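**Student:** got a sequence here, can you build the structure:
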Amino acid sequence: MRVADWWRRKGDRLVQNWVFIDLPDLFLQMGVDLFDRLEQQVRGK
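**Tutor:** Numbering: from 1, shown residues only. All right, here's what the predicted structure looks like:
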């Protein structure tokens, strides 16, 4: 699973943390292609 972990520092303290998780990649690893499903919905299938 791909993630990005971002921290914001204020002075000598860590005051904020953001973690971004690549959900489309996680679903693809489970055999679900979210972009393919979206395309099918857009095309009305």
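**Student:** which residue is the nearest non-sequential neighbour of the most centrally placed residue in the chain?
**Tutor:** The residue lying closest to the centre of the chain (Cα atoms, centre = their mean) is residue 22, at 2.5 Å. Distance criterion Cβ to Cβ, 6 or more residues apart in numbering; nearest residue to residue 22, sequence neighbours excluded, is residue 2 at 3.9 Å. Heads up, the C-betas are built off the backbone N, CA and C, glycines and all.
**Student:** and if you look at residue 23?
**Tutor:** Of all residues not flanking residue 23 in the chain, residue 34 sits nearest, at 7.7 Å (Cβ to Cβ, 6+ apart).
**Student:** quick check: phi and psi on the one you found?
**Tutor:** phi -60, psi -40 (degrees, to the nearest 10).
**Student:** all strands of this protein, in order?
**Tutor:** 3-10, 13-21 (DSSP state E).
**Student:** returning to that earlier point: and for the residue nearest to residue 23, the neighbour number?
**Tutor:** 13 (other Cβ atoms under 10 Å).
**Student:** which ones are touching it?
**Tutor:** 23, 24, 27, 28 (Cβ atoms under 8 Å, 6 or more residues apart in numbering).
**Student:** if we can go back for a sec, what's near enough to touch the residue nearest to residue 22?
**Tutor:** Neighbour list for residue 2: 21, 22, 25 [criterion: Cβ under 8 Å, 6+ apart].
**Student:** one more: residue 7?
**Tutor:** So residue 7 contacts 14, 16, 17, 18 (Cβ under 8 Å, 6+ apart).
**Student:** returning to what we had before: from residue 4, how far off is the residue nearest to the centre of the chain?
**Tutor:** Distance of residue 22 to residue 4, computed by Cβ to Cβ, to the nearest Å: 8 Å.
**Student:** touching, residue 19 and residue 4? I think so.
**Tutor:** Yes: applying Cβ atoms under 8 Å as the test, residue 19 and residue 4 come out as touching, 7.3 Å apart.
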